[in-house]
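Peer 1: Got a sequence here, can you model it:
(one chain, ligands or ions: 1)
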Amino acid sequence: MTHQRIALVTGANKGIGLEIARQLAQHGVTVLIGARDAARAAAAVADLAAQGLTVQSLAIDLDDHASIAAAARTIDARYGRLDILVNNAGIVDGADGPPSLAGPDAVRRIMDTNFIGTLAVTQAMLPLLRKAPAARIVNLSSSLASLTLNGDPASPYYDARLIGYNASKAAVNMLTVQLAQELRGSAVVVNAVSPGYVRTDLTGHRGFMSAEEGARLPVHYALLAGHDAVSGTFVEASGVTPW
Ligand code: NAP
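Peer 2: As a prediction, this is how the structure comes out:
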């Protein structure tokens with residue numbers, strides 16, 4: 001019998017997260033729809049159920065660390081392990097902006113959710129991931145996180161100055177690199193994936209890709225095969241992204 005993989009996708013009630021959940025379920029993975037709002041979670045579960053996909057919701061709010069601990073306890077009680085963690089939940093903030101103008105409170109909110117929340121979820125799930133035979137962590141990053149591209153006048157990202165959002169995803173990249181080093185030699189691999197510019201609520205439905213297309217690379221990294229799978233990389237659809 002093949003091993004039944006268990007996946008948690010945070011922020012899976014809409015956007016790229018919902019499509020990651022859909023595609024993982026289509027691959028036969030048991031998917032937990034992580035969501036902070038019960039009604040929105042139920043709507044996502046119903047959406048997927050209408051396609052014949054069985055998924056379950058799991059309450060988890062990146063800004064509420066008690067909910068993160070409770071989610072880990074629930075997964076432990078139900079499955080005793082976690083094979084795939086997709087750190088997808090994230091925010092932007094209208095008061096973010098270039099370094100000279102961004103509201104410090106907005107920057108703090110973004111850092112709290114996108115970085116501290118992601119770190120807290122990862123820490124809470126790590127003992128469960130260590131119990132899986134070949135665990136995968138996928139951190140949703142952004143090309144906007146690249147220090148190299150931010151500093152390159154030839155890059156399309158050169159003028160995209162959102163100090164809060166870009167710094168929060170650069171911090172997620174640092175988490176990816178350092179955690180990969182800590183986990184070297186273990187069966188847990190971790191990568192940072194930039195999904196592309198995707199039409200979701202986060203982008204005001206601007207972008208070059210549908211959510212379904214934006215989910216493909218994160219799903220690929222969630223399903224990486226082999227004990228020697230690549231770890232500690234930062235990738236986008238066209239290949240490796242410079243840090
Ligand atoms: P989205 O449509 O706005 O969805 C964001 C998801 O995160 C929602 O489910 C939202 O839940 C959830 N979320 C926000 N704060 C949360 C919290 N504190 N606790 C739990 N869940 C929370 O955004 P998206 O475009 O799909 O983005 C998904 C990820 O991809 C994000 O990390 C984003 O930074 C990254 N990304 C997106 C793009 C793009 O072009 N769209 C590009 C690069 C990277 P609610 O419905 O409850 O708000």
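Peer 1: who's in contact with the spatially closest residue to Arg5 that is not a sequence neighbour?
Peer 2: Using C-beta to C-beta, 6 or more residues apart in numbering and skipping the chain neighbours, the partner closest in space to Arg5 is Asp83 (4.0 Å). Bear in mind the C-beta positions are built from the backbone N, C-alpha and C, glycine included. Shown in contact with Asp83 (C-beta atoms under 8 Å, 6 or more residues apart in numbering): 3, 5-7, 29, 129, 132-136.
Peer 1: just the helices in this structure please.
Peer 2: Ranges of helices within the chain are 15-26, 38-49, 65-78, 104-110, 118-129, 147-150, 163-182, 211-214, 216-222, based on DSSP state H.
Peer 1: Between those helices, which one is closest to the ligand.
Peer 2: helix 15-26 (2.4 Å; C-beta to the nearest ligand atom).
Peer 1: list the helices and strands that closest one packs on?
Peer 2: On a contact count with 3 or more C-beta pairs under 8 Å, 6 or more residues apart in numbering; DSSP states H and E, helix 15-26 meets strand 6-9, strand 30-35, helix 38-49, strand 84-87, helix 211-214, helix 216-222.
Peer 1: Which residues of the protein lie near the ligand?
Peer 2: By C-beta under 6 Å from any ligand atom, the part of the chain that sits against the ligand consists of 10-11, 13-17, 36-37, 40, 61-63, 88-91, 113, 117, 140, 142, 194-195, 197-198, 200-203, 207.
Peer 1: Among those, name the buried ones.
Peer 2: 10-11, 13-17, 36, 40, 61-62, 88-91, 113, 117, 140, 142, 194-195, 198, 200, 202, 207 (16 or more other C-beta atoms under 10 Å).
Peer 1: Go through the residues you listed and flag which are in strands.
Peer 2: Among those, the ones falling in strands (DSSP state E) are Leu140.
Peer 1: Do you know the pLDDT at the nearest residue to Ser155 once chain neighbours are set aside?
Peer 2: Using C-beta to C-beta, 6+ apart and skipping the chain neighbours, the partner closest in space to Ser155 is Leu149 (4.2 Å). The confidence metric pLDDT takes the value 95 at Leu149.
Peer 1: what's the answer for the one 3 residues further on, then?
Peer 2: What the model reports for Asp152 is a pLDDT of 94.
Peer 1: hmm, back to that, need the helices and strands packed on helix 15-26 in TSV with mean pLDDT, can you?
Peer 2: Listed next are the helices and strands packed on helix 15-26 as TSV, based on pLDDT from 0 to 100:
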stretch	mean pLDDT
strand 6-9	98
strand 30-35	98
helix 38-49	98
strand 84-87	98
helix 211-214	98
helix 216-222	98
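Peer 1: neighbours around Trp243, how many?
Peer 2: By other C-beta atoms under 10 Å, the residues close to Trp243 number 16.
Peer 1: Would you enumerate the residues in contact with it?
Peer 2: Per C-beta under 8 Å, 6+ apart, neighbours of Trp243: 146-148, 173, 177, 234.
Peer 1: Out of the helices and strands packed on helix 15-26, indicate the one that is most buried.
Peer 2: Of all the helices and strands packed on helix 15-26, strand 84-87 carries the top mean neighbour count, a mean of 30, counting by mean count of other C-beta atoms under 10 Å.
Peer 1: Which strands and helices lie in contact with that one?
Peer 2: strand 6-9, helix 15-26, helix 118-129, strand 135-140, helix 216-222.
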